[in-house]
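Asker: coordinates only, no sequence provided:
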Ligand SMILES: Nc1ncnc2c1ncn2[C@@H]1O[C@H](COP(=O)(O)OP(=O)(O)OP(=O)(O)O)[C@@H](O)[C@H]1O
Ligand SMILES: [Mg+2]
């Protein structure tokens, strides 16, 4: 019979010899590290849940609070092989009973849980350098996807909640997606690619020394899908939305605090920016509006001081254009990263050029009246009608009238919803409504003017082409801004 010391020493020796000759090494990731929860444990659990979902006979299932999805997990003492960069690793979920505890301020769970990672010794550096980071990143992606989106508002004014937060949140379950959004497919594709490039662009933004943020200005008549587009963006990227109510913000420093309390991977929205606050004529000091002149003053002050935050407060309790510009563009806009700013307006012409200059709002998106390609999307969404199911003559008629009718997707969807059980009736009624709109437009004389302008322009264009710039002729200015907007390049 060996004395216990000798037995212990021999086991230790045996282990050493075993490890020397074994080609594997092992890492233990315990659920509780001392007294703190080990973040890596939770990350590994989530990460494995994505690869374990189909394989394995026994899985643990969880559904977190505020989550709309289930998470699969490895059952106790089960193992799974994962592959990373061509290297195989083995994960084992180890659960043992914890010894009875003496008194503790923070009682620990009865079970001791952890993951053991087994990798080949030769792969150790490769896996440790990037595999764990990859797992952390993947886990936060999964967490975000499983969790409901949140919609934050600052409707409480400047007051803070019990945790010192200025934002209030509610689960965000807007059903709008890029599939349901009726707009020109080409334009839609461009926007989706732009968003995807942004979301995957961490290294690009880092390399070019730019803050990782992007600005979109959505403009167009009411009911053309600006708010729906924001919801679609959030659903597409899985970002939370911060709906900033500018009228509730009292001054620039409050605006800055709000910005600092937003999380990354979020969309910060200011709707109807032309109405929220008078932000026009930044350079016009003689304008009667105090807020505006304060804006111009503080803007130039800030320029003299070398830009950045801290301006505008001296102008009193007002939020100024310069404050807003610093919010989106200045040094403060970089606290946190991966953020999208979206402004919407019905009247782009009312906005100060400073807000529109390039680099501030990276993409100007015109949400137009319903076009024929957009109409086809609405017909498909509301009636389940594919293009081929409709009569050719009806389709051609719809195509003819839809542009001149100048109806918004909101108006058209109303007509379709009313008769959604009877496809033929719905399409007929839609055609009638569109024709009626065309007549109305003609009567109001609006269309006639617009058409003349277009015709004039077309003639001029043809003449120009014919002359092939022999004698460059000045283009006549059109009076009709709306028409001009329609015809201009929609997505710059
Ligand atoms: N492009 C579109 N595609 C699909 N549905 C649309 C579109 N535009 C409008 N709608 C429908 O009309 C309703 C109103 O649209 P939305 O609120 O997005 O318009 P808006 O441009 O934000 O208007 P406003 O300028 O008044 O805020 C939406 O609930 C949606 O169902
Ligand atoms: Mg809206």
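Answerer: All right, it came through fine. Note that the coordinates shown come from a computational prediction; the quantities given were computed from them, not determined experimentally. Ligands and ions are numbered 1, 2, ... in the order given.
Asker: distance of the residue of the chain found nearest ligand 2 from residue 385?
Answerer: Closest residue of the chain to ligand 2, C-beta to the ion: residue 227 (3.3 Å). Heads up, the C-betas are built off the backbone N, CA and C, glycines and all. From residue 227 across to residue 385, the span is 25 Å (C-beta to C-beta, to the nearest Å).
Asker: picking up where we left off before, list the contacts for the residue of the chain closest to ligand 2?
Answerer: By C-beta atoms under 8 Å, 6 or more residues apart in numbering, the contact set of residue 227 is 271, 344.
Asker: try it again with 7 Å
Answerer: residue 271 (C-beta atoms under 7 Å, 6 or more residues apart in numbering).
Asker: pLDDT at it, what is it?
Answerer: Per-residue pLDDT puts residue 227 at 96.
Asker: any idea how far it lies from ligand 1?
Answerer: 3 Å (C-beta to the nearest ligand atom, to the nearest Å).
Asker: separation between residue 229 and residue 124?
Answerer: 48 Å.
Asker: and if you look at residue 174?
Answerer: 46 Å.
Asker: residue 229 and residue 124 - which one has more neighbours?
Answerer: Just comparing residue 229 and residue 124: by other C-beta atoms under 10 Å the higher neighbour count belongs to residue 229, 23 against 14.
Asker: pretty sure the more buried one is in a helix, no?
Answerer: Yes - assigned with DSSP: H, G, I helix; E, B strand; the rest coil, residue 229 falls within a helix.
Asker: stretch 21-40 - what's its average pLDDT?
Answerer: Stretch 21-40 shows a mean pLDDT of 82.
Asker: of all residues in this structure, which one is nearest the centre?
Answerer: residue 234 (3.9 Å; C-alpha atoms, centre = their mean).
Asker: the residue of the stretch 201-350 of the chain found nearest ligand 1: how many residues sit nearby?
Answerer: Nearest residue of the stretch 201-350 of the chain to ligand 1 (C-beta to the nearest ligand atom) works out as residue 225 at 2.8 Å. Neighbour count for residue 225, taken as other C-beta under 10 Å: 24.
Asker: where are the low-confidence patches of the stretch 351-492 of the chain?
Answerer: 388, 446-492 (pLDDT under 70).
Asker: what does it put close to ligand 1?
Answerer: Taking C-beta under 6 Å from any ligand atom as the contact definition, the stretch 351-492 of the chain meets ligand 1 at 367, 409, 410, 413.
Asker: I figured the second one hits residue 370, correct?
Answerer: Yes - at 4.9 Å, residue 409 counts as touching residue 370 under the criterion of C-beta atoms under 7 Å.
Asker: thinking again about what came up before, out of everything not next to it in sequence, what's closest to the residue nearest to the centre of the chain?
Answerer: Leaving aside its sequence neighbours, residue 234 sits nearest to residue 241 (C-beta to C-beta, 6 or more residues apart in numbering; 5.1 Å).
Asker: can you give me the helices in the stretch 201-350 of the chain?
Answerer: 202-207, 226-237, 252-260, 273-276, 290-304, 321-329 (DSSP state H, counting those that start in this stretch).
Asker: got the contact list for the residue of the stretch 201-350 of the chain closest to ligand 1?
Answerer: Contact analysis of residue 225 by C-beta under 7 Å, 6+ apart lists 181, 182, 183, 367, 409.
Asker: again with residue 48
Answerer: 73, 74, 80, 91.
Asker: likewise residue 412?
Answerer: With C-beta under 7 Å, 6+ apart, residue 412 has these contacts: 370, 375, 378, 430.
Asker: how about the helix or strand hosting it, which residues are buried there?
Answerer: Applying DSSP states H and E as the criterion places residue 412 in helix 409-418. Across helix 409-418, burial judged by 16 or more other C-beta atoms under 10 Å covers 409, 411, 412, 413, 415, 416.
Asker: surely the fifth one and residue 433 touch.
Answerer: Yes - using C-beta under 7 Å, residue 415 is in contact with residue 433, at 5.4 Å.
Asker: secondary structure class for the closest residue to residue 379 other than its chain neighbours?
Answerer: In space, residue 379 comes closest to residue 385 once its chain neighbours are excluded; the distance is 4.5 Å by C-beta to C-beta, 6+ apart. Under the three-state scheme (three-state DSSP), residue 385 adopts coil.
Asker: go on, residue 157?
Answerer: Criterion first, three-state DSSP; result for residue 157: coil.
Asker: what of residue 112?
Answerer: Per three-state DSSP, residue 112 ends up strand.
Asker: can you get me a residue count around it?
Answerer: Using other C-beta under 10 Å, the number of residues around residue 112 comes to 15.
Asker: make 47 the first number, not 1, from now on.
Answerer: Understood, numbering begins at 47; the last thing we discussed is residue 158.
Asker: please name the bridge partners of it.
Answerer: residue 142 (DSSP bridges).
Asker: could you measure from it over to residue 92?
Answerer: Residue 158 is 20 Å from residue 92, by C-beta to C-beta.
Asker: again with residue 416
Answerer: 43 Å.
Asker: and for residue 167?
Answerer: Computed as C-beta to C-beta, the residue 167 to residue 92 distance reads 27 Å.
Asker: of those two, who's got more company?
Answerer: residue 92 (23 against 11).
Asker: that one contacts residue 187, doesn't it?
Answerer: No - at 9.1 Å, residue 92 and residue 187 do not qualify as touching, with contact defined as C-beta under 7 Å.
Asker: flag every residue of the chain that's near ligand 2.
Answerer: Proximity of the chain to ligand 2, by C-beta under 5 Å from the ion, involves residues 272, 273.
Asker: what does the chain put close to ligand 1?
Answerer: So the chain meets ligand 1 at 226-229, 268-274, 392, 413, 455-456, 459 (C-beta under 6 Å from any ligand atom).
Asker: now, the most widely separated pair of those residues?
Answerer: Greatest spacing in the residues of the chain next to ligand 1, by C-beta to C-beta: 226 and 392 (22.0 Å).
Asker: let me see the domain layout of the protein.
Answerer: 50-192, 197-412, 418-489, 492-533 (automatic domain parsing).
Asker: which residue, neighbours along the chain excluded, lies closest to residue 240?
Answerer: residue 409 (6.3 Å).
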